[in-house]
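Asks: Predicted structure and sequence below. I'll ask about it afterward.
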Amino acid sequence: MSFNMIDFIEKKRDGGRHTKAEFDELIRGVMDGSVPDYQTAAWLMAVYFRGLDGGELTHYTDALAKSGETYSYPPEMRVVDKHSTGGVGDKTTLVLLPLAAACGAHVSKLSGPGLGFTGGTVDKLESIPGMRMHLEPDEFISQMKKIGCAISGHSRLLAPAEGKFYALRDVTATVSMVQLIAASIVSKKLVGGASGFVFDVKYGSGAFMDTEDKARELARELVALSKKFDRKSVAAITSMEQPLGEWVGNAAEVCEAIEVLSGRGPADTRELCAALCGLMLEVAGIAKDREEGAELAKKALDDGRALAKFGEVITAQGGDAEVLRRPLEILPRAKKIFEIKSDADGVLSELRARPVGEALRALGGGRMKLDDKIDHAAAIRLKAKTGDAVRKGGTVMELHYNDEAKLAEALKYLDGCWKVSETAEKPKLIADYIY
């Protein structure tokens, strides 16, 4: 009997339950074009209101993952993958890829470009001259076996159905449903071939989930769904109320990552990277728990192993590894700097992340559409973070830019995004862990 999409939509509209076979037929129809977009959109809205039970969510995720090619590795490689839900100044992947590999894990990382106010790892690494961020499957797997880690942009051959569903969710107001988010993320993790996942689920003004409770809900769904596929997984719930680190911008974040990999860098970036690497080493079975893993990570940052591994990644993917020694000479830098100064003495009590991300995009460091050209040199430097003392006339932020018109637009976003008070506490970086 042929697949009837109208019956399929009606079943979910009326609160019914779909079978695995029906999900397989749905994905097949979406991929061959026999199911039109308007019917898929109608089903997504029915799911938004009716939900999917645990079995349905597993079947749907599995069908998305199997819609294209997949990577696979022998179990003894202990491959682990890390996913962040996105944020402003979130350069953790740049550090974690070589750091976890330097500690003995194998790290398979498929990343996307930035869109909206959040930065993309692909864009950041492409600021390194010669860096190839789109590896063929055989190249990716060969590099994994040779140096223990590889990073590439998502291939259209991997979970292609997920891309089609995401595009429709984006224009049908169904992006925010937790189950659909989880299916989207986990399906893409499954095709990467890792046996364990670490999720960095962010909350706050610069995150997709604006509250800790929403982030916790998504974290629980991600971990539970991953375990249905026999993947070890854990989630960290982390704050994105303010940007991470000192720099926001593509080339600038590569430079900050190099600082952290050299045993230096901003305290919050180092702390979060060590904690997340600790989870990766725990999931990979290299450390007995996240605390031991974090200590192993700190040692690899301080003794040079992590930086050396980053050099191996850059060289393997065609980049100029001299960037590790001369980042300010090799990475693109903006020609002009504009300073934003405090008009009072006190303590920085608020620094909202999203306006900073929007300002960077306005400077040219982000994109409104996937085909927009990025200015890799555009950057924002945070001279003070929440809880830091500031003086009247002291610089709070620096905007590094090339275009005066874009500067004027960026400044509109930053007006009112920070506040100075008499007192303020430094915010908590990691709220919780979900196993």
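Replies: That came in fine, so what should we check first?
Asks: Can you read off the backbone torsions of residue 67?
Replies: In terms of degrees, to the nearest 10, the main-chain angles of residue 67 are phi -80, psi -10.
Asks: Next one: it from residue 158, what distance?
Replies: 9 Å (Cβ to Cβ, to the nearest Å). Glycine gets a C-beta too; all of them are placed from N, C-alpha and C.
Asks: same question, residue 284
Replies: Residue 284 is 22 Å from residue 158, by Cβ to Cβ.
Asks: what does stretch 155-169 contact?
Replies: Residues outside stretch 155-169 that contact it (Cβ atoms under 8 Å, 6 or more residues apart in numbering): 27, 30-31, 37, 40-41, 44, 63-65, 67-71, 110, 134, 137, 154, 174-175, 180, 184, 187-188, 190-192.
Asks: among the residues you listed, which are in strands?
Replies: residue 110 (DSSP state E).
Asks: Just the buried residues of the contacts of stretch 155-169.
Replies: Among the contacts of stretch 155-169, those classed as buried by 16 or more other Cβ atoms under 10 Å are 27, 30, 40-41, 44, 63-65, 67-68, 71, 110, 154, 174-175, 180, 184, 187-188, 190-192.
Asks: Neighbours of the nearest residue to residue 425 once chain neighbours are set aside, how many?
Replies: Once flanking residues are discounted, residue 425 sits nearest to residue 387: 5.8 Å by Cβ to Cβ, 6 or more residues apart in numbering. Number of residues near residue 387 (other Cβ atoms under 10 Å) recorded here: 15.
Asks: My understanding was that residue 387 contacts residue 426; is that so?
Replies: Yes - between residue 387 and residue 426 there is a contact at 3.4 Å, judged by Cβ atoms under 8 Å.
Asks: ranges for the strands of the stretch 151-300 of the chain?
Replies: With strands called from DSSP state E, counting those that start in this stretch, the stretch 151-300 of the chain shows them at 196-203, 232-239, 247-248.
Asks: remind me which residues of the stretch 301-435 of the chain are low pLDDT?
Replies: Residue ranges of the stretch 301-435 of the chain with pLDDT under 70: 370.
Asks: could you pull out the strands for it?
Replies: 336-341, 346-351, 379-382, 389-390, 395-401, 418-421, 430-434.
Asks: now the ones you listed as a markdown table including distance to residue 120 and mean neighbour count?
Replies: Formatted as a markdown table, those follow (distance: least, Cβ to Cβ, whole Å; neighbours: other Cβ atoms under 10 Å):
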| stretch | distance to residue 120 | mean neighbour count |
| --- | --- | --- |
| strand 336-341 | 24 | 14 |
| strand 346-351 | 22 | 19 |
| strand 379-382 | 15 | 24 |
| strand 389-390 | 31 | 16 |
| strand 395-401 | 19 | 21 |
| strand 418-421 | 25 | 17 |
| strand 430-434 | 23 | 16 |
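Asks: Looking at those strands, spot the one closest to residue 119.
Replies: Comparing the strands of the stretch 301-435 of the chain against residue 119 with Cβ to Cβ, the closest turns out to be strand 379-382 (10.7 Å).
Asks: Counting by contacts, list what the closest one packs against.
Replies: Counting contacts by 3 or more Cβ pairs under 8 Å, 6 or more residues apart in numbering; DSSP states H and E, strand 379-382 is packed against strand 247-248, helix 250-261, helix 353-360, strand 395-401.
Asks: Tell me which of the ones you listed is the most buried.
Replies: Ranked by mean neighbour count, those are led by strand 247-248 with a mean of 29 (mean count of other Cβ atoms under 10 Å).
Asks: quick check, distance from that one to the centre of its chain.
Replies: Between the centre of strand 247-248 and the centre of its chain there are 15 Å (Cα atoms, centre = their mean, to the nearest Å).
Asks: mean confidence for it?
Replies: The pLDDT scores in strand 247-248 average 98.
Asks: and it, what other elements does it pack with?
Replies: Counting by 3+ Cβ pairs under 8 Å, 6+ apart, strand 247-248 packs on helix 250-261, helix 353-360, strand 379-382.
Asks: try 6 Å
Replies: strand 379-382 (3 or more Cβ pairs under 6 Å, 6 or more residues apart in numbering; DSSP states H and E).
Asks: Domain parsing of this protein, as residue ranges.
Replies: 5-51, 75-324, 333-421 (automatic domain parsing).
Asks: Next, the contact list for the closest residue to residue 47 other than its chain neighbours, please.
Replies: Leaving out its chain neighbours, the residue that sits closest to residue 47 by Cβ to Cβ, 6+ apart is residue 12, at 6.0 Å. Shown in contact with residue 12 (Cβ atoms under 6 Å, 6 or more residues apart in numbering): 46-47, 50.
Asks: Please report phi then psi for the residue sitting nearest the centre point of the chain.
Replies: With distances taken as Cα atoms, centre = their mean, residue 84 lies nearest the centre of the chain, 3.5 Å away. In terms of degrees, to the nearest 10, the main-chain angles of residue 84 are phi -110, psi 140.
Asks: how close does residue 41 get to residue 178?
Replies: 19 Å.
Asks: now do residue 231
Replies: Distance of residue 231 to residue 178, computed by Cβ to Cβ: 19 Å.
Asks: And for residue 211?
Replies: Applying Cβ to Cβ to residue 211 and residue 178 gives a distance of 13 Å.
Asks: If you count surrounding residues, which of the two has more?
Replies: Of the pair residue 211 and residue 178, residue 178 is the one with more neighbours under other Cβ under 10 Å, namely 16 against 11.
Asks: Does that one touch residue 221 like I think?
Replies: Yes - in this structure, residue 178 is within contact of residue 221 by Cβ atoms under 6 Å, at 5.4 Å.
Asks: picking up where we left off before, right, and the helices and strands packed on strand 379-382 - which one's nearest residue 305?
Replies: Nearest of the helices and strands packed on strand 379-382 (Cβ to Cβ): helix 250-261, 9.4 Å.
Asks: Show me what that closest one is packed up against.
Replies: Partner elements for helix 250-261 (3+ Cβ pairs under 6 Å, 6+ apart): helix 92-102, helix 121-125, helix 305-316.
Asks: what comes into contact with it?
Replies: Residues from elsewhere that reach helix 250-261, judged by Cβ under 6 Å, 6+ apart: 91, 94-95, 123-124, 127, 245, 247, 265, 269-270, 306-307, 310, 324, 327, 331-332, 376-377, 379.
Asks: that older thread, Throw the strands of the stretch 301-435 of the chain into JSON lines and include distance to residue 17, thanks.
Replies: Formatted as JSON lines, the strands of the stretch 301-435 of the chain follow (distance: least, Cβ to Cβ, whole Å):
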{"stretch": "strand 336-341", "distance to residue 17": "55"}
{"stretch": "strand 346-351", "distance to residue 17": "46"}
{"stretch": "strand 379-382", "distance to residue 17": "48"}
{"stretch": "strand 389-390", "distance to residue 17": "57"}
{"stretch": "strand 395-401", "distance to residue 17": "52"}
{"stretch": "strand 418-421", "distance to residue 17": "49"}
{"stretch": "strand 430-434", "distance to residue 17": "27"}
